[in-house]
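J.: pasting the structure only:
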């Protein structure tokens, strides 16, 4: 696994964060050192997929990056007539995702799509995963995407939504942010790396509050919503149609 040193040296100008070749090369290390509980989330996505799978259904990973969640889903689908669709708008990510997924032998047909997740037609879906992707979508487009997913899910279908969030209380939010920064320091990131990456993400990642996520899911029509994982200011939710 190649180590993430993208922000290890002082940069004269910090560009907005992009999922380009440099990020794709170090993404597994970056994720493990930046998102607490990531391995648990991925494992549970696989288990939830197994639980909510339906015959003759589609399974979507929207914002698949290197395909870690897609692989967990594919390994746990056993019903006939399944089709897994993995989508990302980064060519660098999708190219590596293809190599990653094709290395695992499976009878589940797979389609990789280089596209904006807003342009994907969700149909006959048993499970849809959005794993730390919605936060990179412009806030004004988030409601429409969740509505599209709801409409494309079968009855009893599942949406798994993982996100970094902003706590409603200023005091609590500051505490969770500090705990997350300590997590990154413990994983070897320097103050310079933390500061420069924060600046790079400032304009491209706009987290919501938990209440905003829950309201969005309820307004879309989901009958059951639940926060099933939280560590610091990172969480994963499930919503059942």
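T.: Alright, I've got the coordinates. Note that the coordinates shown come from a computational prediction; the quantities given were computed from them, not determined experimentally.

J.: mind listing the helices for this structure?
T.: 21-34, 38-52, 68-75, 91-102, 142-152, 170-186, 191-201, 210-220 (DSSP state H).

J.: deepest in the core, which of those is it.
T.: Ranked by mean neighbour count, these are led by helix 68-75 with a mean of 23 (mean count of other C-beta atoms under 10 Å). (Each C-beta comes from the backbone N, C-alpha and C, glycine too.)

J.: for the longest strand seen in the chain, packing partners?
T.: Determined from DSSP state E, the single longest strand within the chain is strand 153-164. When contacts are defined as 3 or more C-beta pairs under 8 Å, 6 or more residues apart in numbering; DSSP states H and E, strand 153-164 sits against helix 38-52, strand 125-131, helix 142-152, helix 210-220, strand 234-240.

J.: repeat that for 10 Å
T.: Contacts defined by 3 or more C-beta pairs under 10 Å, 6 or more residues apart in numbering; DSSP states H and E place strand 153-164 against helix 38-52, strand 58-62, helix 68-75, strand 125-131, helix 142-152, helix 210-220, strand 224-231, strand 234-240.

J.: and the pLDDT at residue 102?
T.: Note on residue 102: pLDDT of 86.

J.: now do it against residue 155, distance only.
T.: 33 Å (C-beta to C-beta, to the nearest Å).

J.: do residue 148 as well
T.: For residue 148, the distance to residue 155 equals 17 Å [C-beta to C-beta].

J.: and if you look at residue 185?
T.: Counting by C-beta to C-beta - residue 185 and residue 155 are separated by 46 Å.

J.: and the longest strand of the chain with strand 58-62, angle?
T.: Per axes from the mean of the first three to the mean of the last three C-alpha atoms, to 10 degrees, the angle that strand 153-164 makes with strand 58-62 is 20 degrees.

J.: check contacts around residue 236.
T.: Residues in contact with residue 236, defined by C-beta atoms under 10 Å, 6 or more residues apart in numbering, are 37-38, 40-41, 44-45, 48, 129, 131-132, 160-163, 226-230.

J.: and with 7 Å instead?
T.: Counting by C-beta atoms under 7 Å, 6 or more residues apart in numbering, residue 236 makes contact with 41, 160, 162, 228, 229.

J.: in the sheet, who's paired with it?
T.: Here residue 236 sits in beta bridges with residue 162, residue 229, going by DSSP bridges.

J.: residue 187: neighbouring residues, count only.
T.: By other C-beta atoms under 10 Å, the residues close to residue 187 number 13.

J.: how about it: what's its closest non-neighbour residue?
T.: Computed as C-beta to C-beta, 6 or more residues apart in numbering, the closest residue to residue 187 that is not its neighbour in sequence is residue 33, at 3.9 Å.

J.: now the residue nearest to residue 32 when sequence neighbours are not counted: how far from residue 94?
T.: Leaving aside its chain neighbours, residue 32 sits nearest to residue 38 (6.2 Å; criterion: C-beta to C-beta, 6+ apart). According to C-beta to C-beta, residue 38 and residue 94 sit 20 Å apart.
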